[in-house]
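Colleague: I need the structure of the sequence given here:
(one chain, ligands or ions: 1)
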Amino acid sequence: MALRKLIAGNWKMNGSLDGLSELDAIAEAAATHSAVDVAICPPATLIAVAVARQPGLAIGAQDCHSAATGAHTGCLSAQMLAEAGAKMAIVGHSERRTDNHESDAEVRAKAVAVINQGLTAIICVGESAAQRDAGDAVAVVTQQLDGSVPVEADGARIVIAYEPVWAIGTGRTPSTADVAEMHSAIRARLMALLGEGGAAVRILYGGSVKPSNATELMAVADVDGALVGGASLKAADFVPIIAAAASI
Ligand code: PEP
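Modeller: Coordinates of the predicted model:
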């Protein structure tokens, strides 16, 4: 089943009020290429103002806490993100799994919180270079899926982002054969975990996606879009990626 592709930008800890002008061309491209879903996840401080600037563009968050309220200084709940206008939230990004020691169980709890607010959870998984070199990439990602995906969830509310850690921000990407192998393994695991609902889950590829490699990556079977870091910061880079996805 061909799913609508989603091209989501993760601005990480980048961006400013001035930088939100980039959203204008991105929103225009999203409207032009209406067969593709487009989202930008700016820093949380910019969510509400990004929504106000481009109400037609899906704006998301980069993380959320699993609790609704409470003594969690500096954290934001899914409810707060929804109130700010977010339509989705990334959970379990490898930078958070590493920097904040987030476990699969925490990632799953965050995903549940996101879904319960009516938002879409983009759940990130991916192996390290050492794990791939040891031949363990599929086993590692399968284990992350088993621990991080809420099995009771509606498949349409979940997106998986396969992001090999060694490909993030490095300019390196797996071969298209390796991407195909991993996305097929992820699809099979989602079907095992969610039943027929697993067919509705979009599986994004992330890691050094740029205009020059987007077409070949987006053409791989079971690649239902991209999670884009560095190349999402400027419309000049991000718009051609949206166009590449729309051309498949
Ligand atoms: C990311 O961190 O989600 C990412 C894919 O980054 P980049 O595109 O810069 O590799």
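Colleague: for stretch 148-155, what is the distance to the chain centroid?
Modeller: 16 Å (CA atoms, centre = their mean, to the nearest Å).
Colleague: mind listing residues that contact it?
Modeller: Residues from elsewhere that reach stretch 148-155 (CB atoms under 8 Å, 6 or more residues apart in numbering): 91-92, 104, 107-108, 111-112, 115, 121, 123, 125, 158, 160, 190, 193-194, 197-201. (C-beta placed from N, C-alpha, C; glycine too.)
Colleague: then stretch 24-37?
Modeller: Residues contacting stretch 24-37 (CB under 8 Å, 6+ apart): 4-7, 9, 38, 40, 53-54, 56-58, 225, 235-236, 238-239, 242-243, 245-246.
Colleague: about what we covered before: now, of the contacts of stretch 148-155, which are buried?
Modeller: 91-92, 104, 107-108, 111-112, 115, 121, 123, 125, 158, 160, 190, 193-194, 197-198, 201 (16 or more other CB atoms under 10 Å).
Colleague: which members of those residues occur in helices, if any?
Modeller: With helices taken from DSSP state H, the overlap with those comprises 104, 107-108, 111-112, 115, 190, 193-194.
Colleague: distance to residue 97 added to those, as CSV?
Modeller: What follows is these, written out as CSV (distance: CB to CB, whole Å):
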residue, distance to residue 97
104, 9
107, 7
108, 13
111, 13
112, 17
115, 19
190, 20
193, 19
194, 22
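Colleague: between these, which is nearest residue 70?
Modeller: Nearest to residue 70 among those, counting by CB to CB, is residue 112 at 15.8 Å.
Colleague: which residues does the closest one contact?
Modeller: Going by CB under 8 Å, 6+ apart, the list of residues near residue 112 reads 66, 150, 153.
Colleague: among those, which ones are in strands?
Modeller: Among these, no member falls in strands (DSSP state E).
Colleague: will you turn those into JSON lines that also has pLDDT?
Modeller: Shown next, in JSON lines, are these (pLDDT from 0 to 100):
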{"residue": "66", "pLDDT": "98"}
{"residue": "150", "pLDDT": "97"}
{"residue": "153", "pLDDT": "90"}
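Colleague: out of those residues, which comes closest to residue 142?
Modeller: residue 150 (16.3 Å).
Colleague: taking the protein, what residue is nearest to the ligand?
Modeller: residue 229 (2.2 Å; CB to the nearest ligand atom).
Colleague: okay, now the residue nearest to that residue when sequence neighbours are not counted: neighbour count?
Modeller: Closest residue to residue 229 in three dimensions, ignoring its sequence neighbours and counting by CB to CB, 6 or more residues apart in numbering: residue 10, at 5.1 Å. Counted with other CB atoms under 10 Å, the neighbours of residue 10 add up to 26.
Colleague: if residue 10 is in a bridge, with which residues?
Modeller: The partner list for residue 10 in beta bridges (DSSP bridges) reads residue 41.
Colleague: do residue 162 as well
Modeller: Going by DSSP bridges, residue 162 forms beta bridges with residue 125, residue 205.
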